[in-house]
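*Asks:* let me see the structure of the following:
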Amino acid sequence: MTTVQYRVAFGKKDEAVEGPDDAALVITVAAADAAGDPTTLYMQGKLKAVGSTGALFELLRSGDVSGVLKRLASRS
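*Replies:* Next up is the predicted model:
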């Protein structure tokens with residue numbers, strides 16, 4: 001299992017982060033875009049990922065990314 005860190009950016013140096021700092025995959029999106037479909041956001045270049053593209057595609061297929069990003073964007 002690939003470790004993942006999610007980052008939702010609200011502004012410069014203002015991010016909600018979930019996951020370990022040494023994660024193999026880091027997913028970043030702006031808070032304004034976090035409610036959108038993650039696969040579409042990735043294809044539009046709004047969702048950025050550093051790490052294994054294969055692992056990213058597996059997560060996007062599972063649907064897990066959307067829930068985490070929406071939760072982090074709500075800062076709950």
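*Asks:* going forward, measure contacts and count neighbours with C-alpha atoms only.
*Replies:* Noted.
*Asks:* what pairs with the longest strand along the chain, parallel or antiparallel?
*Replies:* The residue-count maximum for a strand in the chain (DSSP state E) belongs to strand 4-11. The strands that strand 4-11 pairs with in its sheet are strand 14-18 (antiparallel), strand 25-30 (parallel) (by DSSP bridges).
*Asks:* got the contact list for the next helix or strand after the longest one?
*Replies:* If you walk from strand 25-30 toward the C-terminus, the next helix or strand you reach (DSSP states H and E) is helix 38-44. By CA atoms under 8 Å, 6 or more residues apart in numbering, the surrounding residues in contact with helix 38-44 are 33, 47-48, 60, 65-66.
*Asks:* measure the residue minimising distance to the centre of the chain to residue 37 for me?
*Replies:* Nearest residue to the geometric centre of the chain (CA atoms, centre = their mean): residue 27, 3.6 Å. Distance, residue 27 to residue 37, using CA to CA, to the nearest Å: 14 Å.
*Asks:* same question for residue 58.
*Replies:* 15 Å.
*Asks:* same check on residue 63?
*Replies:* 9 Å.
*Asks:* wait, residue 50 touches residue 27, no?
*Replies:* Yes. Judged on CA atoms under 8 Å, residue 50 makes contact with residue 27 at a distance of 6.7 Å.
*Asks:* in the contacts of helix 38-44, find the pair that's most separated.
*Replies:* 33 and 60 (15.5 Å; CA to CA).
*Asks:* CA atoms of the longest strand of the chain as CSV?
*Replies:* Taking C-alpha atoms only, strand 4-11 is exported to CSV below (Å, rounded to 0.1, in the frame of the first residue of the first chain):
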residue,chain,number,x,y,z
VAL,A,4,-0.4,9.3,0.7
GLN,A,5,-0.3,12.8,1.9
TYR,A,6,-3.2,15.1,0.9
ARG,A,7,-2.8,18.9,0.8
VAL,A,8,-5.6,21.4,0.3
ALA,A,9,-4.2,24.9,-0.2
PHE,A,10,-6.2,27.9,1.0
GLY,A,11,-3.5,30.4,0.3
